[in-house]
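1. whatever this is, show me its structure:
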Amino acid sequence: MKHLNHDLVGSLYAIKGMAEVHLENLTRVRDRGVANAGILSHEWAEKIKIHSERAIGIIERLRNPGIRERESPYSTTQFPVKIERKVSLQKTFEEVIEQLKETEISNGVEFLNRVPDDFPLIISHGEHLREILFYLSENALQAMEAAQTADRKVILRAYVSCIYRDRLMGPEERTAMIHLVDTGPGIEPHFLHYIFDPFFTTKTAIYSNANGLGLYLTRSLVEQNGGTIYAETFPGKGTCFGLTFPICV
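-> Residues are numbered from 1 along each chain as shown. Predicted coordinates for the structure are as follows:
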């Protein structure tokens, strides 16, 4: 894992660099008062930059699974991991939905955000939470497409779980319980023990990211942020990924 080709990282940095130069040039043109200059180009350059940064981060975590965010030369977020980041689960999922709607695989899929408006903020690195929800949702879309599911839905629900303690043990512990559910074909029960293992996949080769690393990386991100992840499956009816995260009290 530590010997992944450096050329791939170099290529991603080249893509990111070209996007940044392009953005700077577009900004200079716009500042000169040229109306609507390069609006579409600017939008796509931003997307190239964002996705290249995300890919660089993924590769770095593969090369150095235990690396701290601030120690990574490829990190796109320069702050210590221990700093608490407070993020909105509802808003983050809405951003993920908008991103997924740009893909062809989302056609005919109904996204349901059932997170209450007053749900507490999650204590997590914001980009990590977005990446977790994106991958789990994308995974669901691919499963439903492969099975040609008629009624395609991705549903996010959340509630707060409280563990009550006595006076000696201290105050109650409150945790976010998150369920991301799809209406796909489900997972064969005997596969559940392996789905978070690196390089294990049940996907066909038609998907370019069918490398068996998605759920492995997802679990790593969840655990980095003090959370847990598990899966429940209902063959022929769908899959539920359960997540727990600390919340602001």
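2. all helices for the protein, in order.
-> Secondary structure of the chain by DSSP state H: the helices cover 6-31, 39-63, 89-100, 126-146, 214-224.
3. report the residue spans of this structure with pLDDT below the cut-off.
-> 1-14, 17-18, 29, 32-42, 44, 58, 61-84, 164-171, 203-212 (pLDDT under 70).
4. just confirm residue 174 contacts residue 248, I think it does.
-> No - using CB atoms under 8 Å, residue 174 makes no contact with residue 248, being 9.0 Å away. C-beta coordinates here come from the backbone N, C-alpha and C atoms, glycine included.
5. number of residues surrounding the residue nearest to residue 137 when sequence neighbours are not counted?
-> Nearest non-adjacent residue to residue 137, counting by CB to CB, 6 or more residues apart in numbering: residue 154, 5.4 Å away. Other residues near residue 154 come to 28 when the count uses other CB atoms under 10 Å.
6. quick one: residue 154 and residue 192, what's the gap?
-> Using CB to CB, to the nearest Å, residue 154 is found at 20 Å from residue 192.
7. next one: residue 100
-> 25 Å.
8. any idea how far the residue nearest the centre of the chain is from residue 163?
-> Centroid-nearest residue in the chain, with CA atoms, centre = their mean: residue 131, separated by 1.6 Å. The gap separating residue 131 from residue 163 is 28 Å, by CB to CB.
9. and what of residue 91?
-> Taken as CB to CB, the span from residue 91 to residue 163 is 27 Å.
10. who has more neighbours out of the two?
-> A direct count of neighbours by other CB under 10 Å for residue 91 and residue 163 places residue 91 higher, at 14 against 10.
11. many thanks, we can stop here.
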